[in-house]
Structure formats: structure tokens, C-alpha cells
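# all I have is the shape, not the residue letters:
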Ligand SMILES: CC/C=C\C/C=C/C(=O)SCCNC(=O)CCNC(=O)[C@H](O)C(C)(C)COP(=O)(O)OP(=O)(O)OC[C@H]1O[C@@H](n2cnc3c(N)ncnc32)[C@H](O)[C@@H]1OP(=O)(O)O
């Protein structure tokens with residue numbers, strides 16, 4: 001696993017691992033590192049040591065899977081870092097590619113660090129629910145000071161070599177061969193004193209107002225953490241470095257690390273890390289798979305429609321360096337859209353400049369605006385992003401099918417519409433695919449990729465590749481109303497509204513779900529998205545509006561419970577933030593600060609009186625269970641129907657597109673922690689109380705899993721013998 005060379009009085013320790021392209025520490029690597037260091041120390045012919053990675057990558061840190069294995073790999077790294085630091089012979093780290101987590105902590109034990117100009121460094125442990133537990137929380141503040149260490153450790157962000165140089169994290173940045181530069185430096189250092197380079201012996205640089213700084217920093221860390229434990233414990237470990245000698249700080253670090261390691265949050269976050277990577281390996285029930293399908297190159301793309309979604313999609317494509325044509329129906333819409341896109345791009349360019357990057361968008365070869373479909377003749381891929389109207393989308397796709405070159409891919413940005421119906425008006429249904437972006441599209445990471453009955457594996461692979469280039473998480477799902485995300489969202493929002501009928505207020509329901517960890521509760525979310533969006537869809541479905549059959553009961557549709565509350569609000573022009581009033585009131589139309597609205601409270605009382613609904617007190621447990629368990633229940637149906645190929649797909653969708661708290665691992669992971677028998681029992685209870693709500697009736701798949709003894713989440717799919725896509 002490790003190559004050790006004695007070469008010209010220099011000991012070269014090379015991390016390498018024959019089976020993985022990334023080097024992460026297994027027990028064997030740690031053991032070899034320790035043995036190598038001891039050998040170098042004991043051999044009088046060795047005068048200096050250089051540590052580097054194989055194949056141009058230093059190390060991705062500890063093997064994350066090891067944290068949930070019984071012998072907890074990686075936990076022995078701290079003493080090895082100390083061993084490096086104590087070495088009487090100069091040790092130089094040659095950082096190429098990445099040095100993350102334990103990888104970077106190893107370099108902190110080294111006496112000098114040289115990085116390649118393209119190297120990235122970071123301590124991302126916080127993102128997997130941990131802290132840098134190999135003495136990193138004690139060494140980093142000593143090296144670069146408390147504010148910078150706090151930022152790097154509590155956010156887990158990666159930093160570039162040039163930033164690392166500015167911060168003093170590395171001593172030198174080189175453009176050529178890093179290992180040779182490190183060897184040269186190590187040779188120069190032979191016989192030089194090393195005491196001042198041992199970080200454990202250095203004091204933490206003082207700040208004139210350390211106490212006030214830490215108090216303020218803690219408030220910020222907690223606010224950003226939104227219920228996640230790791231950032232705060234990272235903070236505590238760094239604080240210990242400012243207050244205690246190194247050895248005591250290390251003891252505190254270990255204590256805090258163990259709290260995190262045994263917390264459910266670390267497990268959930270590590271599950272989320274692997275889930276995100278698992279969804280890249282997509283498959284469909286018909287046997288198409290990432291293994292056999294190859295993406296086609298996208299050299300030029302087009303976006304049709306410059307509304308909110310289109311603007312964000314254009315911005316994402318420009319940022320991904322894909323030349324793009326932005327198309328609108330007429331010059332007036334085009335000019336409005338162009339202004340909005342340019343504004344977004346200017347803001348993005350400013351953000352990127354702060355990170356030392358540039359964004360070129362004033363070049364017509366990169367970004368072109370047009371009203372004529374003829375400009376689409378040479379594009380490789382079109383993303384249609386007009387509003388949700390089947391007739392309009394079909395008209396556009398028919399036109400695209402005639403104008404675009406035969407090999408061009410046609411994508412529709414839709415949140416619920418039938419991909420097959422849209423594809424049916426083209427002569428190339430195999431190249432039609434749904435790409436459901438989330439608003440704002442240049443910010444949100446999720447891209448739901450929906451294959452239709454005829455979509456080819458190449459088309460899916462191309463859409464997935466596009467997601468990757470746009471730095472999004474693509475999740476391949478089947479075609480059904482609402483796909484995965486919105487389909488699971490419908491029962492959740494529906495329960496939230498039913499709870500209002502029964503006695504809750506919007507702010508009560510939102511509070512419970514925000515305390516659970518959602519970024520915003522269902523009512524704040526509806527106000528943000530606009531209540532008119534759902535209203536239009538319900539009118540299209542004939543659930544409300546002029547097409548509703550006369551005499552239809554106000555609170556029933558097709559024999560099931562229905563709440564007209566959102567329709568009534570829309571009829572009063574309360575569309576949410578955009579009109580300054582929705583489930584909440586806002587300071588003005590377009591305002592962002594939601595305030596509970598006494599008008600809504602009396603409107604709800606009147607409504608309950610009119611429909612003779614007895615108001616009752618609804619506790620937090622019921623709010624949480626009814627909202628979350630119906631969402632999860634729908635998830636089990638989705639899995640049973642083969643709309644998604646595993647629970648991790650649903651979890652990745654929810655974490656990246658719906659503000660589900662990542663430290664709870666996603667809805668299906670959460671279900672596995674609550675226990676499927678508990679979920680089933682609660683759904684049965686609520687379903688008996690509300691027999692007219694089919695969404696509360698437990699999914700057959702959930703029942704089956706409980707009957708099979710509540711197997712672990714990894715095994716769920718093996719209990720489905722045959723998957724079939726409903727559409
Ligand atoms: C008491 C002492 C305690 C602790 C000491 C040390 C703690 C740690 O070091 S914790 C680990 C810290 N490191 C990380 O969090 C890095 C995680 N990895 C990444 O961020 C990325 O993988 C990457 C930036 C390193 C590379 O990104 P990319 O090139 O996009 O590749 P992938 O993400 O697709 O990864 C490829 C492949 O490798 C697996 N993998 C990556 N890092 C780890 C790891 N640290 N442990 C285990 N596995 C890792 C990843 O899952 C992919 O696997 P598959 O190909 O099977 O999907």
C-alpha cells in the first residue's frame with residue numbers, strides 16, 4: 001500500500017493505494033506511515049523526509065466508511081501527526097491535487113508545506129458531522145490564527161493553493177513538479193533547527209478582543225448550522241485551543257470528536273455523502289445504466305423562455321462555460337429577460353472574483369439573445385423553460401423537432417407534466433427528456449432528470465453529464481405526476497393545510513417543521529413560490545375554478561377530503577410574497593419578511609365556523625408526524641413503482657431541492673431511524689381518524705418491509721421483485 005524510497009539521503013513517503021484513484025487512509029496506510037516514519041528516524045543515513053501522494057493527489061483523508069465500522073479506522077491518525085512533528089529530521093509535505101481532512105492534518109505535522117498551484121486543501125470533516133480529530137483543531141489556529149481557522153474548520157470549504165499561501169497555511173506554491181521542489185527544500189533544511197516549525201509548541205496568535213470575537217463567532221456558527229451539531233463542536237474545539245495548552249486542547253478535541261462520532265447526525269451526513277455519489281450511478285427499470293451509456297458532448301445549448309427559471313438556467317450554463325443562446329417570444333420579453341440575466345451574471349462574476357476566478361459573459365460567442373427559432377439550428381441541446389402549460393410546451397416541442405438538427409437533445413423544464421405527452425409531438429422522442437431545475441436555478445444544486453417511455457440511455461447520460469458540468473446533482477427518475485420531489489411534497493403540503501382547517505395556524509406548522517430543520521416551513525415556502533402556481537395547476541386539473549361541476553362539495557373531490565383554503569386565498573389576490581400577502585403578511589409586495597397575519601387568523605376561524613369544524617389544539621408531535629409520514633409514505637409508493645431506483649435517490653432530491661436538513665439524512669433515511677414499524681403504526685392511527693385521506697393509508701411496500709422485520713435501508717430494494725414504471 002505504501003512505497004518507501006531511500007534516495008539521496010532523503011526518505012520519500014508516498015501514499016498510494018493500488019485499487020482507488022483517491023488516497024484515503026485505511027488502517028494499513030496508517031500503519032505503513034507510522035512504520036515508515038520510525039524507519040526514517042532510526043536510519044542515520046536518512047537526513048530528511050518528504051511526504052507526498054501517488055498520481056498527483058496527496059490525500060482525501062480518512063476512509064469515511066471506516067467511521068461506522070467497529071474498529072473505527074482513522075482514529076489513530078493524531079499520534080502519527082505528532083510523530084511526524086517530533087521528528088528530528090526535517091519533514092516536508094508535497095501537496096498535489098487534494099489534501100483534505102486527515103490528509104491536511106498530516107501536513108500540519110510536517111515542518112514545511114509546499115503546494116502545487118492547482119492543489120485544493122480543506123478540513124471538510126464538519127460536512128460529514130465530525131471535526132478534524134487528528135489534532136487539526138489545535139494546530140491550524142496556531143498556524144493561521146483563530147478567525148481563518150474557524151472559517152475553514154466550521155464551513156469545511158476547500159481553499160485554493162493561492163489562498164493557502166496568503167493565509168500562511170503553505171510555505172510555497174509551485175507551478176511545476178511539487179515533489180521535486182519539496183525534495184530540494186528538504187535537502188536545504190538538513191541540519192537546520194526545527195523547533196520553531198513544530199506547531200504544537202507555538203502559541204495561538206492573540207487577538208486584541210478574543211473573547212468578544214469568539215462570542216460573536218459562536219452566534220454566527222450556530223445560525224448557519226441550523227440544528228447541525230458539528231459546527232458548534234468544531235467551534236468549541238478551536239476555543240479550547242485559545243484557552244488551554246496543546247495537550248489539553250487535544251484531549252478536549254478527542255472528547256468532542258467522540259460525541260460527534262456517536263451522534264446520529266454524523267451517520268446521517270456520511271450516508272448523505274455516499275448517497276450523492278450513488279445517484280451518479282443511475283439505472284432504469286428497463287436495464288439502461290451509467291455503465292453502458294455514453295454522454296454526447298454539448299458544445300452549444302439554448303434556453304427557451306427567460307422567466308425566473310430560464311434566467312437561472314442561462315446563468316448556470318454560462319458559468320459552466322457552455323455557449324448558450326437565450327430565446328424569448330418577442331423583443332419586449334427578450335429585453336426584460338436580457339437585463340435580468342446580465343444582472344445575475346454580474347453578481348455571479350463578482351462572487352467568483354472574490355475566489356480569484358473570472359466569468360466571461362460579454363462575449364457573443366458565449367451568450368447570445370434572440371427571438372427567432374432559426375438560431376437553434378446548430379445547437380446540441382435545448383432546454384425549454386416556458387411556464388407550465390402542456391399546450392404551449394407541445395407547440396414549442398413540435399417546432400423544435402422541425403428546426404433543430406436531428407441529433408439535438410430536447411429538454412423540458414417541468415415540475416410535473418407528462419414527458420411522454422411532450423415527446424409525442426416530436427419526431428425524436430428518444431432524445432426528449434425532463435430536466436426539472438429548482439429555483440433559483442443558478443443556485444439550487446438539484447436537477448431531477450426524468451426519462452420518458454422512449455428516452456434513450458444516451459439522452460439520460462447526456463443530461464447527467466450536463467448536470468455534472470453545471471455543478472448540480474442530477475437524479476434520474478421516472479415519469480409520473482410531480483416526479484419524485486413534488487409528488488412527495490403534495491401530501492406534505494396537503495396535511496399542513498388540513499391542520500389549519502383543524503385548528504393550527506400557519507406559523508405553528510412552519511415553526512414545528514423549521515425546528516425539525518427545514519430551511520422554511522410549508523407556508524413560508526408556498527408564499528415564496530407563489531400560491532398562484534398551485535392554483536393554476538388545480539384549475540387545470542378541474543379541482544377548482546370554472547370547470548368545477550356545480551354542486552361539488554366545498555371540502556371533497558372525487559369522494560376524498562379536499563381543502564379549498566389555498567384557492568380561497570388566491571381568489572382574494574393573496575399570492576404570497578409577490579403580492580405582499582399570502583399565508584403571512586409582508587412589508588410590501590415583493591417583501592421577504594413574513595409576519596403572522598391577524599387577518600388569516602380570523603379568516604380561518606370564520607372558515608371553521610362556516611364548515612362547522614370543531615377547533616382543537618394540535619400538538620407538535622401530530623404536526624410533525626402527519627406532514628413527514630405522509631411524505632415518506634408517498635416515497636415508499638414511488639420506490640415500489642420503480643420511479644426511483646433506491647431510497648438514496650429520494651433523499652438526495654429532498655436534501656438538495658427541498659431544504660430537508662442534511663443532518664437528518666433525507667426522508668427515507670430518517671424513516672429508517674424512526675423505525676418503519678413506528679411509521680406504519682402512526683399512519684394506521686391517523687388513517688383511522690381521517691379515512692377520507694388516502695395519503696394517510698400506509699403504502700403496501702411499507703407494510704411489506706415491516707412484515708419482513710424492518711430490514712436496513714440498504715436492503716429495502718431487494719424486497720421488490722419486479723419494478724414497473726406506471727406510465
Ligand atoms: C480521530 C481522528 C479522526 C479523523 C482524522 C481524519 C478524518 C478525515 O479525514 S474525514 C474525511 C475527510 N475527507 C473528506 O471529507 C473528503 C471527501 N471526499 C470528497 O470531498 C471528494 O470525494 C473529493 C473532493 C476528494 C474528490 O471528488 P471527486 O473527484 O468528485 O470524486 P468523488 O467525490 O466522486 O469520489 C470518488 C470516489 O471516492 C470516494 N471517496 C472520496 N473520498 C473518500 C473518503 N474520504 N473516504 C471514503 N471514500 C471516499 C467516493 O465515495 C467515490 O466513491 P465511488 O466511486 O464508489 O462513488
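The structure has been received and is ready for your questions. Since the model is a prediction, treat every value here as computed from it, not as a measurement.

# go ahead and name everything in contact with the single longest helix found in the chain.
For the chain, the helix reaching the highest residue count under DSSP state H is reported as helix 331-354. For helix 331-354, contacts defined as Cβ atoms under 8 Å, 6 or more residues apart in numbering pick out 306-307, 310-312, 314-315, 318-319, 326, 328, 358-359, 361, 367, 369-371, 442. Bear in mind the C-beta positions are built from the backbone N, C-alpha and C, glycine included.

# tell me the buried residues within those residues.
306-307, 310-312, 314-315, 318-319, 326, 328, 359, 361, 367, 369, 442 (16 or more other Cβ atoms under 10 Å).

# narrow the residues you listed to those in strands?
Mapping the buried ones among the contacts of helix 331-354 onto strands (DSSP state E) picks out 326, 367, 369.

# nearest to the ligand, of these?
Nearest to the ligand among those is residue 367, at 27.2 Å by Cβ to the nearest ligand atom.

# any idea how far residue 337 is from the closest one?
For residue 367, the distance to residue 337 (Cβ to Cβ, to the nearest Å) stands at 12 Å.

# overlap in contacts, these two.
residue 326.

# so residue 669 makes contact with residue 712?
No - if you go by Cβ atoms under 8 Å, residue 669 and residue 712 don't touch, sitting 10.7 Å apart.

# compare the two (neighbour count), which wins?
Higher neighbour count among residue 669 and residue 712: residue 669, with 24 against 7, using other Cβ atoms under 10 Å.

# for whichever strand or helix holds that one, packing partners?
If you go by DSSP states H and E, residue 669 is part of helix 667-674. The helices and strands touching helix 667-674, judged by 3 or more Cβ pairs under 8 Å, 6 or more residues apart in numbering; DSSP states H and E, are helix 264-278, helix 620-640, helix 647-657.

# between those helices, which gets nearest to the ligand?
It is, among the helices and strands packed on helix 667-674 and with distance given as Cβ to the nearest ligand atom, helix 264-278, at 3.8 Å.

# hang on, the earlier thing: for the helix holding residue 669, what is the average pLDDT?
Averaged across helix 667-674, pLDDT comes to 98.

# show me which residues of the chain sit near the ligand.
Residues of the chain lying close to the ligand by Cβ under 6 Å from any ligand atom are 22, 24, 60-65, 74-75, 77-78, 98, 100-102, 124-125, 128, 133-134, 257, 274, 277.

# narrow the residues you listed to those in helices?
Per DSSP H, the subset of the residues of the chain next to the ligand in helices is 77, 78, 102, 257, 274, 277.

# the third one against residue 33, yeah?
No - if you go by Cβ under 8 Å, residue 102 and residue 33 don't touch, sitting 10.5 Å apart.

# which residues do the two both contact?
Counting by Cβ under 8 Å, 6+ apart, the residues touching both residue 102 and residue 33 are residue 25.

# how much space between residue 53 and residue 34?
Relative to residue 34, residue 53 is positioned 17 Å away (Cβ to Cβ).

# more neighbours, these two?
Neighbours were counted for residue 53 and for residue 34 using other Cβ under 10 Å; residue 53 has more, 26 against 16.

# test my guess that that one contacts residue 100.
No - with contact defined as Cβ under 8 Å, residue 53 does not reach residue 100; the gap is 11.2 Å.
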